[in-house]
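Novice: Need coordinates for the following:
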Amino acid sequence: SNNPERALPSAQRLASIILRETQRLIRLVDDLLDLSRLERGVPPALRRGAVCPARALAVVAELFRHVGSRVVVDCRADLPPVDADADALDRILKNLISNALKYSPAVLPVQVLAEADPSGAVRFSVRDRGRGIAAAALPHVFEPYYRAPGAAVTAPGTGLGLAVVKALVEAHGGAIAIES
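Specialist: I've put the predicted structure just below:
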């Protein structure tokens, strides 16, 4: 039908999908560029400053609002600012959350936390309830292009996201770990 009121929600839905897919392609291109630099031995260039953890998580959670209430953020508002590159932290969190969503059952939440650790640093965690990763695959998940056996069947991907995340975290002087 030619009802403009009915066409508007459909156009908004399509625009939302186009925006999400454009953002996904931008992340993929950024990951490829970062990986190319890393393979040449060039560390990521960081523009560090004070970043509010609660604000960083709120911005990332907004990107994933299309999955409804699946992304659950747990972050105290009084956490100290972190000395980080805001864009790099954003990419780290987006990669980790999208990975968790990809490998989790569609009805289960993904929990994103920021908390102070005993040293005074802020620790970010992403927890999902997927089927887990085989012990033999765990040491390899941060390697470029690595996909755990069966991962390609479960979800599409390039195997770049976690390698880039690790490089960005380490460029900040941080550490990353994974457990299944």
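Novice: Pull out the buried positions in the longest helix along the chain.
Specialist: Scanning the chain for the helix with the most residues, using DSSP state H, yields helix 4-39. By 16 or more other CB atoms under 10 Å, the buried positions in helix 4-39 come out as 27, 30, 31, 34, 35, 38. Yep, even glycine has a C-beta here, placed from its N, CA and C like the rest.
Novice: per-residue pLDDT, residue 92?
Specialist: Residue 92 carries a pLDDT score of 93 in this model.
Novice: hang on, isn't it packed against residue 167?
Specialist: No - using CB atoms under 8 Å, residue 92 makes no contact with residue 167, being 9.9 Å away.
Novice: neighbour count winner among those two?
Specialist: Using other CB atoms under 10 Å as the criterion, residue 92 and residue 167 rank with residue 92 on top: 26 against 22.
Novice: Can you list the buried residues in the helix or strand hosting that one?
Specialist: Using DSSP states H and E, residue 92 sits within helix 86-102. Buried residues in helix 86-102, defined by neighbour count with 16+ other CB under 10 Å: 86, 88-102.
Novice: now, among these, which is nearest to residue 177?
Specialist: The nearest member of the buried residues of helix 86-102 to residue 177, counting by CB to CB, is residue 96 at 12.0 Å.
Novice: quick one: residue 139 from residue 55, how far?
Specialist: Separation of residue 139 from residue 55 (CB to CB, to the nearest Å): 34 Å.
Novice: Comparing the two, which residue is more hemmed in?
Specialist: Shown here are residue 139 and residue 55; by other CB under 10 Å, residue 55 has more neighbours (13 against 10).
Novice: Could you check which helix or strand contains that one?
Specialist: Going by DSSP H and E, residue 55 is in helix 53-63.
Novice: after the helix or strand of the chain with the lowest mean pLDDT comes which helix or strand?
Specialist: Lowest by mean pLDDT, DSSP states H and E among the helices and strands of the chain is helix 151-154, with a mean of 60. Sequence-wise, the next helix or strand downstream of helix 151-154 (DSSP H and E) is helix 161-171.
Novice: Sort out which residues of that next one are buried, please.
Specialist: Here helix 161-171 shows 161, 162, 163, 164, 165, 166, 167, 168, 169, 171 as buried, counting by 16+ other CB under 10 Å.
Novice: what about the residue nearest to residue 147 when sequence neighbours are not counted, distance to residue 117?
Specialist: Taking CB to CB, 6 or more residues apart in numbering, and ignoring the residues beside it in sequence, residue 147 has residue 159 as its nearest neighbour in space, at 4.7 Å. Distance of residue 159 to residue 117, given as CB to CB: 29 Å.
Novice: Pull the number of nearby residues for the closest residue to residue 16 other than its chain neighbours.
Specialist: Ranked by CB to CB, 6+ apart and with sequence neighbours excluded, the top spatial neighbour of residue 16 is residue 66, at 6.6 Å. Using other CB under 10 Å, residue 66 has 12 neighbouring residues.
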